[in-house]
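**Q** sequence plus predicted model, see below.
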Amino acid sequence: MQFHILTLFPEMVLTGLNTSIIGRACEAGLLSVEAINIRDFTLDKHKKVDDYPYGGGAGMLMQAQPIYDAYLSVLEKMRTKQRPRVVYLTPQGQVFTQKLAEELAGEQDLILLCGHYEGIDERVLEEIVTDYVSIGDYVLTGGELPAMVMVDAVSRMVPGVLTNRESGETESFENGLLEYPQYTRPEEWKGKKVPSVLLSGHHKNIESWRKEESLRRTRERRPDLYRTYMERGEEK
Ligand code: ADE
């Protein structure tokens with residue numbers, strides 16, 4: 001899968017994504033992450049990419065032309081001629097979820113557009129954006145961190161990116177519940193003992209203990225998820 005990130009801060013996204021599991025997957029050829037510097041496409045002699053909003057108001061807006069030309073440069077390089085999905089990272093988008101990460105992991109190419117300043121000229125958004133995505137109900141200074149969050153979450157859903165040991169079949173959100181608590185050696189630490197069922201070797205009991213803990217944890221920490229889970233159970 002190929003990620004193409006349109007940004008004014010290419011180093012920021014590349015530094016964050018070239019390490020650990022994502023870096024390893026890039027080296028293995030399962031993924032590629034390129035950052036396209038929008039500023040490289042401005043026709044302005046001072047390399048300006050922003051201007052004042054018509055109608056007045058605070059702050060500057062990113063102009064349409066450099067973004068559109070940066071987008072066209074990605075299309076030219078792509079192997080398929082199908083129109084790619086283009087995600088604009090914005091607090092005005094649908095909130096990013098594990099479900100969307102799984103869906104996007106099926107794309108061959110994904111373009112992520114990072115905004116800065118007070119926003120982007122609406123006309124270029126209308127022209128190229130297919131998905132408006134927010135990573136949560138708070139406002140950041142730019143779309144770079146959200147783009148990195150998305151690349152990370154989508155990448156780990158691409159087959160082969162996680163090893164079997166890393167993939168954790170039962171991890172949080174897999175079945176709409178949070179993951180149960182886990183323990184490793186030693187058996188006792190600061191007077192706290194590992195729950196004895198986990199040392200019993202009795203797989204059925206361990207399984208039902210984990211299910212109970214998952215339910216309890218979800219009910220306590222994420223009552224919203226718990227409610228959805230229970231409603232789905234009733235439907236079934
Ligand atoms: N840009 C600024 N804040 C954002 C957010 N919460 N999600 C996505 N993009 C953003």
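**A** Sure thing, it's come through. Numbers count the residues shown, from 1 in each chain.

**Q** where does residue 92 sit: helix, strand or coil?
**A** Following DSSP: H, G, I helix; E, B strand; the rest coil, we place residue 92 in the strand state.

**Q** any idea which helix or strand comes after the helix or strand bottoming out on mean pLDDT in the chain?
**A** One helix or strand of the chain scores below all others by mean pLDDT, DSSP states H and E: helix 164-167, with a mean of 81. Downstream of helix 164-167, the first helix or strand assigned by DSSP states H and E is strand 188-189.

**Q** so which residues make contact with that following strand?
**A** Applying Cβ atoms under 8 Å, 6 or more residues apart in numbering, the external contacts of strand 188-189 come out as residue 194. Quick note: C-beta positions are derived from backbone N, CA and C, even for glycine.

**Q** mean confidence for that strand?
**A** Taken as a whole, strand 188-189 has an average pLDDT of 98.

**Q** one more: stretch 87-97?
**A** 98.

**Q** ok, stretch 146-156 next?
**A** 97.

**Q** send me that stretch as PDB with only the CA atoms.
**A** What follows is stretch 146-156, C-alpha atoms only, in PDB (Å, rounded to 0.1, in the frame of the first residue of the first chain):
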ATOM      1  CA  PRO A 146      -3.600  13.200  12.500                       C
ATOM      2  CA  ALA A 147      -2.100  11.900   9.100                       C
ATOM      3  CA  MET A 148       0.600  10.000  11.100                       C
ATOM      4  CA  VAL A 149      -2.100   8.500  13.300                       C
ATOM      5  CA  MET A 150      -4.000   7.400  10.300                       C
ATOM      6  CA  VAL A 151      -1.000   5.900   8.500                       C
ATOM      7  CA  ASP A 152      -0.100   4.000  11.600                       C
ATOM      8  CA  ALA A 153      -3.600   2.600  12.300                       C
ATOM      9  CA  VAL A 154      -4.200   1.700   8.600                       C
ATOM     10  CA  SER A 155      -0.800   0.200   8.100                       C
ATOM     11  CA  ARG A 156      -1.100  -2.300  10.800                       C
END
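
**Q** so which bits of the least confident helix or strand of the chain are buried?
**A** Buried residues in helix 164-167, counting neighbours by 16 or more other Cβ atoms under 10 Å, are absent.

**Q** what's the answer for stretch 148-159, then?
**A** Quick answer for stretch 148-159 (16+ other Cβ under 10 Å): 148, 149, 150, 151, 153, 154, 155, 156, 157, 158.

**Q** next, format those residues as TSV and append secondary structure and distance to residue 41.
**A** Output for the buried residues of stretch 148-159, formatted as TSV (DSSP: H, G, I helix; E, B strand; the rest coil; distance: Cβ to Cβ, whole Å):
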residue	secondary structure	distance to residue 41
148	helix	22
149	helix	25
150	helix	22
151	helix	22
153	helix	28
154	helix	25
155	helix	26
156	coil	31
157	coil	31
158	coil	29
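
**Q** spatially nearest residue to residue 118, not counting backbone neighbours?
**A** residue 59 (3.3 Å; Cβ to Cβ, 6 or more residues apart in numbering).

**Q** wouldn't the one you found be in contact with residue 51 here?
**A** No. Applying Cβ atoms under 8 Å, one finds residue 59 not in contact with residue 51, separated by 10.7 Å.

**Q** settle it for me: which of these two has more neighbours?
**A** Taking other Cβ atoms under 10 Å, residue 59 and residue 51 do not tie; residue 51 has more neighbours (13 against 10).
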